[in-house]
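Engineer: Here is a sequence together with a model predicted from it:
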Amino acid sequence: MWIRKKEVSELSGGIRSAIDGEGFDPRDNREGAWSILKNDIYTLIHLEQERKHAAIEEKEHLAQYLSDISHQLKTPVTSLLLMTELMEKAPEDKQKAFLLCMKKEVRHMEWLVTALLKMAKLDASVTSFYKEETGVRGLLDEALKSIEIMLDVRNQTVILKQDQSLFCDKKWTTEALINLLKNASECSKEDSEIVVDCGENPIYCWISVTDTGEGLRKEQVAGLFRRYENSRKENGYGIGLPLALSIMRAQNGEIEVLPGGKGTGATFVMKFYK
């Protein structure tokens, strides 16, 4: 098979253009080794372009996360600096109060950074999930260890109506459940009960968390899982619920919200599809 010098030059020039980021499609509908070679070159060019786009998107995600962390840390850092300055001239009893507030802000910052890093790992799909059979009682017991102080302060209790076995990643599912319980505690009244229930149907197993708040309006439900939007609560940064949803979706699951209202609190249902 004879290949003209002009065709080789055109192919070579097109490859150089593709290296420089320009579009180039050498494919044709002919038969023969030369056409096969041009089709393979196109495939290589296309793969390289996809890799470049992926690298650019990864850099953009990283820049966004750095921006998010910076933005979210700005408020607690400003509060810490202000309290540090006020402590210098404050009487001893006031200094103790400032120290307690500062410890609270530091704990918030620690939780915030940890949550953002977890979300980054989930978004980058670099987290491995190991599903195994576990009971809801065991998941709840682990989750309560992280929020027992919050519950004690508000004199709230968590009750489990029934136990249920399901397949999930224990560690990450516990993390999602912690965030739902935190949300339920913040929305519930003091001296109240947060109800956890579970069950299954032919399509999925489920865990529900019901608070004793006033319920949610339909327009509120739409923004619950948008990052930083639902941060109106005292301890909220607007990332707990989005993190829980990311964890569930990474396990082929979902979170459904039943808004309640008229004396009934909202219910968040974690669905684990079979």
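Structural biologist: Structure received.
Engineer: which residues does Ser188 contact?
Structural biologist: Neighbour list for Ser188: 154, 156, 194, 211-213, 265 [criterion: Cβ atoms under 8 Å, 6 or more residues apart in numbering]. (Glycine included, C-beta is placed from N, CA and C.)
Engineer: and what of Asp169?
Structural biologist: Taking Cβ under 8 Å, 6+ apart, one finds 129-132, 251 in contact with Asp169.
Engineer: Quick check: the spatially most central residue of the chain vs Asp197, distance?
Structural biologist: What sits nearest the mean C-alpha location of the chain, by Cα atoms, centre = their mean, is Leu243, with 2.9 Å. Separation of Leu243 from Asp197 (Cβ to Cβ, to the nearest Å): 22 Å.
Engineer: ditto for Leu181
Structural biologist: 13 Å.
Engineer: now swap in Lys189 and tell me
Structural biologist: Here Lys189 is placed at a distance of 20 Å from Asp197 (Cβ to Cβ).
Engineer: try Ala176
Structural biologist: Using Cβ to Cβ, Ala176 is found at 16 Å from Asp197.
Engineer: Between these two, which has more neighbouring residues?
Structural biologist: Each of Ala176 and Asp197 has its neighbours counted (other Cβ atoms under 10 Å); Ala176 has more, 28 against 17.
Engineer: element containing the more buried one, please.
Structural biologist: For Ala176, the host element (DSSP states H and E) is helix 170-187.
Engineer: Also Thr127?
Structural biologist: Using DSSP H and E, Thr127 falls outside every helix and strand.
Engineer: Quick check: it touching Gln251?
Structural biologist: No - the criterion here is Cβ atoms under 8 Å, and Thr127 misses it with Gln251 at 10.3 Å.
Engineer: Mutual contacts of those two, please.
Structural biologist: With Cβ under 8 Å, 6+ apart, Thr127 and Gln251 have common neighbours Trp172.
Engineer: Show the buried residues in the contacts of Ser188.
Structural biologist: Neighbour counting over those (16 or more other Cβ atoms under 10 Å) leaves 156, 194, 211-213, 265 as the buried ones.
Engineer: which SS state does Thr134 fall under?
Structural biologist: With DSSP: H, G, I helix; E, B strand; the rest coil as the basis, Thr134 sits in strand.
Engineer: how close does the closest residue to it other than its chain neighbours get to Thr127?
Structural biologist: Spatial nearest neighbour of Thr134, chain neighbours left out: Lys170 (5.3 Å); criterion: Cβ to Cβ, 6 or more residues apart in numbering. With distances taken as Cβ to Cβ, Lys170 is found 14 Å from Thr127.
Engineer: repeat for Asp163
Structural biologist: Counting by Cβ to Cβ - Asp163 and Thr127 are separated by 27 Å.
Engineer: Which one of the two is surrounded by more residues?
Structural biologist: Each of Asp163 and Thr127 has its neighbours counted (other Cβ under 10 Å); Thr127 has more, 15 against 11.
Engineer: Now the more buried one: closest residue in space, sequence neighbours ignored.
Structural biologist: In space, and not counting its chain neighbours, Thr127 is closest to Lys121: 4.8 Å by Cβ to Cβ, 6+ apart.
Engineer: For the helix or strand harbouring that neighbour, enumerate the helices and strands it packs against.
Structural biologist: Under the criterion of DSSP H and E, Lys121 resides in helix 92-123. When contacts are defined as 3 or more Cβ pairs under 8 Å, 6 or more residues apart in numbering; DSSP states H and E, helix 92-123 packs onto helix 33-87, helix 240-250.
Engineer: And those helices: which comes nearest Arg137?
Structural biologist: helix 240-250 (19.4 Å; Cβ to Cβ).
Engineer: Could you figure out how far the closest one is turned away from helix 92-123?
Structural biologist: 20 degrees (axes from the mean of the first three to the mean of the last three Cα atoms, to 10 degrees).
Engineer: What mean pLDDT does the next helix-or-strand element following helix 240-250 get?
Structural biologist: Next along the chain after helix 240-250, taking DSSP H and E as the criterion, comes strand 253-258. For strand 253-258, mean pLDDT is 93.
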